[in-house]
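# Below is the sequence, then the predicted model.
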Amino acid sequence: AEAAELRARLRAVRHTVLVLSGKGGVGKSTFSALLAHGLAADETKQVALLDIDICGPSIPKIMGLEGEQVHQSGSGWSPVYVEENLGVMSVGFLLSSPDDAVIWRGPKKNGLIKQFLRDVDWGEVDYLIVDTPPGTSDEHLSIVQYLSATHIDGAVIVTTPQEVSLQDVRKEINFCRKVKLPIIGVVENMSGFVCPKCKNESQIFPPTTGGAEKMCQNLNVSLLGKVPLDPQIGKSCDRGQSFLAEAPESPATLSYRNIIQRIQEYCEQHHIQEEKIM
Amino acid sequence: TLAERTSLAGVRHILLVLSGKGGVGKSTISTELALALRNAGKRVGILDVDLCGPSIPRMLRVQDSAVHQCDSGWVPVFVGQDKAIALMSIGFLLERPDDAVVWRGPKKNALIKQFVTDVAWGDLDFLIVDTPPGTSDEHISTVEALRPYRLLGAVLVTTPQ
């Protein structure tokens, strides 16, 4: 009965993308937010951004929605809308104060994630983007399990170039394979830094073992793109503004846009293949 | 007795390295802190309770090591220039380094308890406990398991943004 409830709620979701990493602090939430903004630039598309990082929800701040609360209606919880076609849900909206720690064990976290999927009235959605915490634990197992009620197009895995990140990301790739979650591809963040003054390029996080490129070759996954470090990215996130809108000329923006396009193409292609099968 | 030499009965100070946020340098700081204390002549151990993303073994170049059993439990891997820093991490228990540890909370909690009570830590001046990001199972279990012992306190790591 529960599965049927979830299926009913998620029936109107066309595409679902999970944003994962084994590693923390590599830019999952940043990427999820920009993916959402990028897709919502097409006003004919309805985009939903679901933040299932229960302990460290970054999405409200990055989307400029700190302090917002969730409203209930007859048809369920209402997402918080950034734009008419971009709705957001996060545990951040349920806290009385932004510094409140959510100190929950796995089962309680799973319960909230289920509620997010079952009780939020997302409406008709073209793209559901799910931002996750680092790791391969309760949240990840649960989201894959609950979303089997609908269909997940795939996972985008985020990393940075250094081996300490890659070693966790390889685990994440193995997690995806274990739970039969298709991998759309890998994004390498913080990939080089170009000084705005002297234009010299530095490797702040040197790819001592070949970076995401080598890892993707070895594991036969797609490298969706590399995004350079740009201090404006962090600033935009802190201020809740879309980096793509604030710095349209940045090489990082160009990279992000290319990656977003590749993800869109992957999802659309998938859809065509599925329709052919049906 | 051998039994007394497992668990943390012989550890003088226990230090937790925490952050809410991932990727800010907890494992890096834990490692550097351990090396610096060792350099200052202290007896040091590191307990890595990041079960999904254990970084400490690679940072100390022992990612290919395995742990051994003794009569009363596990023997930590000894690292550092003089092989005098005791290290325990789930990294040493994996069959392959890329194996994902896809465990729900209860299984993680059980292993953390074992890391505290079933490892031959011996006599240490400092045990540094490296944690994963968040405020969840690992953190609750670690604090609970450490309650009977001398917890010095927590160092919190962040970045500026």
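Yep, it's here. This is a predicted model, so every value here is computed, not measured.

# Strands along the chain, start to end?
Looking at chain A here, since you left the chain open. A:13-20, A:47-51, A:71-73, A:76-78, A:80-83, A:86-90, A:125-131, A:154-159, A:183-188, A:193-194, A:201-202, A:223-226 (DSSP state E).

# nope, chain B
Going by DSSP E, chain B shows strands at B:11-18, B:44-48, B:68-70, B:73-75, B:77-79, B:85-89, B:124-130, B:151-156.

# what's the closest of those to chain A?
strand B:11-18 (11.2 Å; CB to the nearest CB). C-betas here are computed from N, CA, C, even on glycine.

# Show me what the closest one is packed against.
helix B:26-39, strand B:124-130, helix B:137-146, strand B:151-156 (3 or more CB pairs under 8 Å, 6 or more residues apart in numbering or on different chains; DSSP states H and E).

# rewinding a little: reformat the strands of chain A as TSV; add mean neighbour count.
Formatted as TSV, these follow (neighbours: other CB atoms under 10 Å in any protein chain shown):
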stretch	mean neighbour count
strand A:13-20	24
strand A:47-51	26
strand A:71-73	9
strand A:76-78	17
strand A:80-83	16
strand A:86-90	25
strand A:125-131	24
strand A:154-159	27
strand A:183-188	25
strand A:193-194	16
strand A:201-202	10
strand A:223-226	21
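
# want to throw these into JSON lines with mean pLDDT and distance to chain B?
JSON lines is the format used below for the strands of chain A (pLDDT from 0 to 100; distance: least, CB to the nearest CB, whole Å):
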{"stretch": "strand A:13-20", "mean pLDDT": "96", "distance to chain B": "11"}
{"stretch": "strand A:47-51", "mean pLDDT": "98", "distance to chain B": "14"}
{"stretch": "strand A:71-73", "mean pLDDT": "90", "distance to chain B": "27"}
{"stretch": "strand A:76-78", "mean pLDDT": "94", "distance to chain B": "23"}
{"stretch": "strand A:80-83", "mean pLDDT": "96", "distance to chain B": "21"}
{"stretch": "strand A:86-90", "mean pLDDT": "97", "distance to chain B": "15"}
{"stretch": "strand A:125-131", "mean pLDDT": "97", "distance to chain B": "13"}
{"stretch": "strand A:154-159", "mean pLDDT": "98", "distance to chain B": "11"}
{"stretch": "strand A:183-188", "mean pLDDT": "98", "distance to chain B": "13"}
{"stretch": "strand A:193-194", "mean pLDDT": "90", "distance to chain B": "15"}
{"stretch": "strand A:201-202", "mean pLDDT": "92", "distance to chain B": "18"}
{"stretch": "strand A:223-226", "mean pLDDT": "98", "distance to chain B": "17"}
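
# in the chain, which ranges drop under the pLDDT threshold?
You didn't pick a chain, so chain A it is. A:272-278 (pLDDT under 70).

# I was after chain B.
In chain B (pLDDT under 70), the answer is B:1-6.

# near chain A, which residues of it show up?
Residues of chain B lying near chain A by CB under 8 Å from any CB of the partner chain: B:20-24, B:27, B:52-53, B:55, B:58-59, B:63, B:97-106, B:108, B:132-137, B:139-140, B:159, B:161.

# returning to that earlier point: tell me the most buried of the helices and strands packed on strand B:11-18?
strand B:124-130 (a mean of 23; mean count of other CB atoms under 10 Å in any protein chain shown).

# mind listing what it pairs with, with the direction of each?
According to DSSP bridges, strand B:124-130 forms sheet pairs with strand B:11-18 (parallel), strand B:44-48 (parallel).

# still on that earlier bit, rebuild the strands of chain A as CSV, extending it with distance to B:Ala84.
Output for these, formatted as CSV (distance: least, CB to CB, whole Å):
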stretch, distance to B:Ala84
strand A:13-20, 38
strand A:47-51, 44
strand A:71-73, 59
strand A:76-78, 55
strand A:80-83, 54
strand A:86-90, 46
strand A:125-131, 42
strand A:154-159, 34
strand A:183-188, 37
strand A:193-194, 38
strand A:201-202, 36
strand A:223-226, 41
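
# tell me the contacts of the residue most central in space within chain B?
Nearest to the mean C-alpha position of chain B, counting by CA atoms, centre = their mean, stands B:Leu47 at 0.9 Å. Counting by CB atoms under 8 Å, 6 or more residues apart in numbering or on different chains, B:Leu47 touches B:Met88, B:Ser89, B:Phe115, B:Val116, B:Val119, B:Leu127, B:Ile128, B:Val129, B:Asp130.

# Now it: closest residue in space, sequence neighbours ignored.
Excluding its sequence neighbours, the residue lying closest to B:Leu47 (CB to CB, 6 or more residues apart in numbering or on different chains) is B:Val129, at 4.7 Å.

# want to throw the contacts of B:Leu47 into TSV with distance to A:Met215?
Below are these laid out as TSV (distance: CB to CB, whole Å):
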residue	distance to A:Met215
B:Met88	27
B:Ser89	22
B:Phe115	29
B:Val116	34
B:Val119	32
B:Leu127	33
B:Ile128	29
B:Val129	29
B:Asp130	24
